[in-house]
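In: Below: sequence and its predicted model.
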Number of protein chains: 2
Amino acid sequence: MKKQATFYHAGCPVCVAAEQQVAEAIDSARFNVEIVHLGESKSRIGEAESVGVTSVPALVIGGRPFHINFGAAIADLK
Amino acid sequence: MKKQATFYHAGCPVCVAAEQQVAEAIDSARFNVEIVHLGESKSRIGEAESVGVTSVPALVIGGRPFHINFGAAIADLK
């Protein structure tokens, strides 16, 4: 069964670079990779915050948040 | 031909979590993943700095640095 990997972003240049390099590198044979644009899907901000995401871009794997460089704070997306 | 992905760390708890979740998730069919402990391999600090790594854990893909959360500053490893 595949594990879940969720990549949260907001369309910023830092986010795009992380998506193209890091999220794209994840093994799709082992992970379901979901890309979520929090600027467009504001209803999912709470879900991201609940696992500890404080800024984007961020990758959540195994329920843990991994912030990748810094594009924007979650608070600024609300 | 496989692309290179280099994961720099220093053995810190934040580094270990990132290695086990993010570095481990990279598709080994498409990437050569190298794990470098900069505390033990201080001779490679210069190489990491040259591509823009300023803290660990960090993943370098396509020659670009992606800092993952924050474990330690490169300056503190020297």
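Out: In hand now; what should we look at? Residues are numbered from 1 along each chain as shown, chains lettered A, B, ... in the order given.
In: Please make it C-alpha for all contacts and neighbour counts, starting now.
Out: Will do.
In: what residues does chain A put near chain B?
Out: With CA under 8 Å from any CA of the partner chain as the criterion, chain A comes near chain B at residues A:18, A:21-22, A:25-28, A:30-31, A:61-62, A:66-69.
In: If we use 7 Å, what do you get?
Out: Taking CA under 7 Å from any CA of the partner chain, the part of chain A that reaches chain B is made up of A:Q21, A:A25, A:I26, A:D27, A:I61, A:F66, A:H67, A:I68, A:N69.
In: contact partners of stretch A:11-24?
Out: By CA atoms under 7 Å, 6 or more residues apart in numbering or on different chains, the list of residues contacting stretch A:11-24 from outside reads A:F7, A:H9, A:H37, A:V56, A:P57, A:F70, A:G71, B:I61.
In: hang on, the earlier thing: of all the residues of chain A next to chain B, which two lie farthest apart?
Out: A:D27 and A:N69 (21.0 Å; CA to CA).
In: Which one of the residues of chain A next to chain B is nearest to A:I45?
Out: A:H67 (14.8 Å).
In: who does the helix or strand where the closest one lies touch, helix- and strand-wise?
Out: For A:H67, the host element (DSSP states H and E) is strand A:64-73. Under the contact criterion of 3 or more CA pairs under 7 Å, 6 or more residues apart in numbering or on different chains; DSSP states H and E, strand A:64-73 touches helix A:13-21, strand A:55-61, strand B:64-73.
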